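# sequence and predicted structure, then a few things I'm wondering about:
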Amino acid sequence: GENVEQHPSTLSVQEGDSAVIKCTYSDSASNYFPWYKQELGKGPQLIIDIRSNVGEKKDQRIAVTLNKTAKHFSLHITETQPEDSAVYFCAASLPGSGYALNFGKGTSLLVTP
Amino acid sequence: GAVVSQHPSWVICKSGTSVKIECRSLDFQATTMFWYRQFPKQSLMLMATSNEGSKATYEQGVEKDKFLINHASLTLSTLTVTSAHPEDSSFYICSASTGDGYGYTFGSGTRLTVV
């Protein structure tokens, strides 16, 4: 099955700096790569996603890049703010609605004022 | 956007009793529902996949007789933890597929504590 690796497990940045989280996946057939933000005691919230036919996608301070050849994708957060502090998960899924998302182990991001 | 309502948000039960968790898709038909379990400071681990009107498919190591999943309609799926034990204490999260292969909407999660 699909295996998703995520690094780093913890990341501490100063407010205003950028944060980058990287993930790799094992199954080249995977075609959907979402990123989720999870705050303590809550369910995951989708922050951005990318499909396999796109190399990059941006939404204000958040961007995701995908390298299908290398089978890795990254989350970029610019101008970080303390409210960005949370756990971030990357995920990948195979084509079709019957396939579940496979999650990375998560990155705990701390943005210090 | 798509919304999945999950209830209860937290529950405390005595060891040996059963607990039911509900997930409802409010504004779309969820052909497939996924159930995850998340232990503290860990990632989401898939427990089972259920399709409306069919038996759920459980991941290796997940006891189907202990974690009963029902997906009787396109808008409702339930997870029943039977004969709960303290080791079943965890955060349970459902996710509904919108059917296009790209939409996964998550519930807000249920914190189960077995005492």
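Nice, I can see it.
# where do the strands of chain B begin and end?
B:4-7, B:10-13, B:19-25, B:32-38, B:45-51, B:57-58, B:67-73, B:76-81, B:90-97, B:104-106, B:110-114 (DSSP state E).
# so what secondary structure elements neighbour the shortest one?
Applying 3 or more Cβ pairs under 8 Å, 6 or more residues apart in numbering or on different chains; DSSP states H and E, one finds that strand B:57-58 makes contact with strand B:45-51. Placement of C-beta: from N, CA and C, glycine included.
# how about the strands of chain B in CSV, adding distance to A:Gly98?
As requested, the strands of chain B are exported to CSV (distance: least, Cβ to Cβ, whole Å):
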stretch, distance to A:Gly98
strand B:4-7, 17
strand B:10-13, 29
strand B:19-25, 16
strand B:32-38, 6
strand B:45-51, 7
strand B:57-58, 9
strand B:67-73, 13
strand B:76-81, 14
strand B:90-97, 7
strand B:104-106, 12
strand B:110-114, 24
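# of those strands, which is nearest A:Asn53?
strand B:104-106 (18.3 Å; Cβ to Cβ).
# state the mean pLDDT of the closest one.
For strand B:104-106, mean pLDDT is 91.
# quick one: low-confidence ranges for chain B?
Scanning chain B for pLDDT under 70 picks out B:99, B:101.
# within range of chain A, give me the residues from it.
Neighbours of chain A within chain B, by Cβ under 8 Å from any Cβ of the partner chain: B:6, B:31-32, B:34, B:42-44, B:46, B:49, B:51, B:91, B:93, B:95, B:97-102, B:104, B:106-109, B:111.
# if we use 6 Å, what do you get?
Contact residues (Cβ under 6 Å from any Cβ of the partner chain) of chain B with chain A: B:32, B:34, B:43-44, B:46, B:49, B:93, B:97, B:99, B:101-102, B:104, B:106-109.
# report the buried members of those residues.
B:32, B:34, B:43-44, B:46, B:49, B:93, B:97, B:99, B:101, B:104, B:106-109 (16 or more other Cβ atoms under 10 Å in any protein chain shown).
# tally up the residues packed near B:Ala72, please.
11 (other Cβ atoms under 10 Å in any protein chain shown).
# the residues of chain B next to chain A: which two are farthest apart?
B:Ser43 and B:Gly99 (25.0 Å).
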